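Peer 1: predicted model and sequence follow; I will ask about them next.
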Amino acid sequence: MSAPTMSHRLGAETLGTFWLVLGGVGTAVLAGSSSGVGTLGIALAFGLTVVTGAYAFGHISGGHFNPAVTVGLATARRFDWKDAPGYFAAQIVGATVAGAVILAIASGADAFDARASGFGTNGYGDRSPGGYSLLAVIITEIVLTAFFLYVIFGATAKRAAVGFSGLAIGLALTLIHLISIPVDGTSVNPARSLGVAWFAGNDALSQVWVFILAPVIGAAIAGITHVLIVGEDHD
């Protein structure tokens, strides 16, 4: 069987990122209230989208669905930097289309207001669910993104159990959301943050830089340090 073409890989990244944002942020916006699924349900939704997306599209594109994952893998020399811009574009497109679909669905309810509701965006200070500071959010996003990449590196290593990487990665993302939803709504994914910030007004857009920069820093740290800590991945 021939290897997937770049167009197929980008298509898979677009669909996978769309599914991640639709499933995760869609749950937060449409069903995340106290009378809905709550924090646990939102965390599980993000984890489930990664599990299902990884098994559906991972064999085509590698199942990044996240610019920070692409940066981490490229930094660790597991992905070619020349392919990264295309992946970034596909991920942002998929996330943005998902944001538009969520908005179209949510707007079917009377008096829905994307700005007033927060629309599943990430934030610090008065836009943080728990009122956490900018510094707290930066630390959270860097550390949790780094550990997300550590899990990805380990779960996809040559010595890892075959067939279970998607499950491990999805469970890791669930745990990450359980930790950080109260802090900043959880990003660890610049595309996820951008894909809904476009529709939530200037306040959301003014803070989105943190959720682009901090996850990328965390991913790069993991990419640089993983081999130093646990050694090379050999058969």
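Peer 2: Arrived safely.
Peer 1: so which bits of the lowest-mean-pLDDT helix or strand in the chain are buried?
Peer 2: Least confident element among the helices and strands of the chain, by mean pLDDT, DSSP states H and E: helix 114-117 (a mean of 94). Buried residues in helix 114-117, counted by 16 or more other Cβ atoms under 10 Å: Ala114. Bear in mind the C-beta positions are built from the backbone N, C-alpha and C, glycine included.
Peer 1: just stretch 188-208 next, same as before
Peer 2: Buried residues in stretch 188-208, defined by neighbour count with 16+ other Cβ under 10 Å: 188-201, 204, 207-208.
Peer 1: how far does it sit from its chain's centre?
Peer 2: Per Cα atoms, centre = their mean, to the nearest Å, the displacement of stretch 188-208 from the mean C-alpha position of its chain is 13 Å.
Peer 1: quick one: end-to-end length of that stretch, please.
Peer 2: One end of stretch 188-208 sits 12 Å from the other (Cα to Cα, to the nearest Å).
Peer 1: and what of stretch 190-207?
Peer 2: OK, stretch 190-207 end separation, Cα to Cα: 12 Å.
Peer 1: same question for it, mean pLDDT?
Peer 2: Mean pLDDT, computed over stretch 190-207, is 97.
Peer 1: name the residues that touch it?
Peer 2: 17, 20-21, 24-25, 65-68, 88, 91-92, 94-100, 102-103, 114-115, 118-124, 127, 187, 208, 211-212, 215-216 (Cβ atoms under 8 Å, 6 or more residues apart in numbering).
Peer 1: nearest the middle, which residue of this protein would you pick?
Peer 2: Asn189 (3.6 Å; Cα atoms, centre = their mean).
Peer 1: my guess is that one contacts Asn66. True?
Peer 2: Yes. With contacts counted by Cβ atoms under 8 Å, Asn189 reaches Asn66, the gap being 4.3 Å.
Peer 1: give me the common contacts of the two.
Peer 2: 20, 215.
Peer 1: for this structure, what spans make up the helices?
Peer 2: For the chain, applying DSSP state H gives helices covering 6-31, 38-61, 67-75, 84-106, 114-117, 134-155, 165-184, 190-197, 202-230.
Peer 1: flag the shaky bits of this structure, pLDDT-wise.
Peer 2: Scanning the chain for pLDDT under 70 picks out the ranges 1, 34-35, 234-235.
Peer 1: again, only this time at 90
Peer 2: 1-3, 32-36, 111, 157-164, 227-235 (pLDDT under 90).
Peer 1: about what we covered before: contact partners of the least confident helix or strand of the chain?
Peer 2: For helix 114-117, contacts defined as Cβ under 8 Å, 6+ apart pick out 29, 103, 106-107, 199-201, 203-204.
Peer 1: try 6 Å
Peer 2: 199-201 (Cβ atoms under 6 Å, 6 or more residues apart in numbering).
Peer 1: quick one: these as CSV, columns for distance to Phe79 too.
Peer 2: Output for the contacts of helix 114-117, formatted as CSV (distance: Cβ to Cβ, whole Å):
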residue, distance to Phe79
Phe199, 30
Ala200, 31
Gly201, 34
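Peer 1: and which of the residues you listed is nearest Val137?
Peer 2: Ala200 (16.7 Å; Cβ to Cβ).
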